[in-house]
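J.: Sequence and computational prediction follow.
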Amino acid sequence: MTLAPVPMTRLTLSSLPGIPPELPPHPALSGRWRRWLALSGLVGVSLVSAWSLSSREEIASVSRAKPTGGDDGDAAAAPLSPPELPASAEPPGNLSRAPAPVPPATPALSEVEAALVGRWESEFHGRMHLEKRPDHTAELVIDFDFLASLLYGSRLTMQLEWKIEGDILTHTIVSGEPADACERLIRDYGRSCSYEILERSNDFVRLRETAEPMQEYLWRRLSPDASLPGFDPP
């Protein structure tokens, strides 16, 4: 395929729109041409002035938006510090917590109390084994004889609390197993029982029941490693 040549048209000043078709030769320009040239110059100057003014306004607005250096810039970049609370104000969120309560110290044992701490054995309607602790708790195990076992069973284990007031020793039942046998014994003898300390040594303690002055008990101390038959299964 062969392309046809495109005819070239000579561009002249008279072919531009708005240009007078006749341009008088220089230097003899007509008054009409001089007025046209002056008007074109004024329009061009106005356009250049408007563009320059618009550029200056854009630059000024960018300069105002951009933070400058110096003291103001440093203040803007510095992180905000939290406001200071007055001395009487409490920290938010209950940050201050009261210290944990300290359990009361166990009071020192008296001479009599210290002498009663340990393991003991006695006999009353069977064999009794008692272990007294320094915190004023104790465990009493009773292996009843035949007659007593008809009422309370063959064995009763009770948790006690004990205290000394003067020469009076008091035992208080806290709980017992079997529970029904323990409740039956409490109904018959009461929850607490007090004894007068008649005599004591490192090896034994002799007590008299305050409610039954004729009833006495002799408790013998056991060595810490002694076997306690009463604590073994029957």
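T.: Ah, there it is. These figures come from a predicted structure and were not determined experimentally.
J.: in stretch 177-195, what counts as buried?
T.: Of the residues in stretch 177-195, 181-182, 184-185, 193-195 count as buried by neighbour count, 16 or more other CB atoms under 10 Å. Any C-beta I mention is one placed from the backbone N, CA and C, and that applies to glycine too.
J.: again but with stretch 200-211, I slipped
T.: Result for stretch 200-211 [16+ other CB under 10 Å]: buried residues 200, 205, 207-208.
J.: Strands - which of those land there?
T.: Among the buried residues of stretch 200-211, the subset assigned to strands under DSSP state E consists of 200, 205, 207-208.
J.: who's in contact with the spatially closest residue to residue 160 that is not a sequence neighbour?
T.: Closest residue in space to residue 160, ignoring its immediate chain neighbours: residue 138 at 4.3 Å, by CB to CB, 6 or more residues apart in numbering. Contact partners of residue 138, counting by CB atoms under 8 Å, 6 or more residues apart in numbering, are 130-132, 159-162, 171.
J.: For ChimeraX, what selects the buried ones among these?
T.: Buried members of the contacts of residue 138, defined by 16+ other CB under 10 Å, are picked up in ChimeraX with:
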select :130,131,132,160,162,171
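J.: Dump the contacts of residue 138 into a markdown table; add pLDDT and secondary structure as well.
T.: Formatted as a markdown table, the contacts of residue 138 follow (pLDDT from 0 to 100; DSSP: H, G, I helix; E, B strand; the rest coil):
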| residue | pLDDT | secondary structure |
| --- | --- | --- |
| 130 | 96 | strand |
| 131 | 96 | strand |
| 132 | 96 | strand |
| 159 | 97 | strand |
| 160 | 97 | strand |
| 161 | 98 | strand |
| 162 | 97 | strand |
| 171 | 97 | strand |
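J.: Make a markdown table from the contacts of residue 138 and add distance to residue 143 to it.
T.: Shown next, in a markdown table, are these (distance: CB to CB, whole Å):
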| residue | distance to residue 143 |
| --- | --- |
| 130 | 13 |
| 131 | 15 |
| 132 | 19 |
| 159 | 17 |
| 160 | 17 |
| 161 | 22 |
| 162 | 21 |
| 171 | 18 |
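J.: right, and the helix or strand after the lowest-mean-pLDDT helix or strand in the chain?
T.: In the chain, no helix or strand scores lower on mean pLDDT, DSSP states H and E than helix 70-77, which sits at a mean of 49. Once the chain leaves helix 70-77, the next helix or strand it forms, by DSSP states H and E, is helix 111-116.
J.: Alpha carbons only: can I get that next one in CSV?
T.: Extracted C-alpha coordinates of helix 111-116, given in CSV (Å, rounded to 0.1, in the frame of the first residue of the first chain):
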residue,chain,number,x,y,z
GLU,A,111,5.5,-22.6,131.7
VAL,A,112,2.5,-24.7,132.4
GLU,A,113,1.3,-24.6,128.8
ALA,A,114,4.7,-25.6,127.5
ALA,A,115,4.8,-28.5,130.0
LEU,A,116,1.4,-29.8,128.7
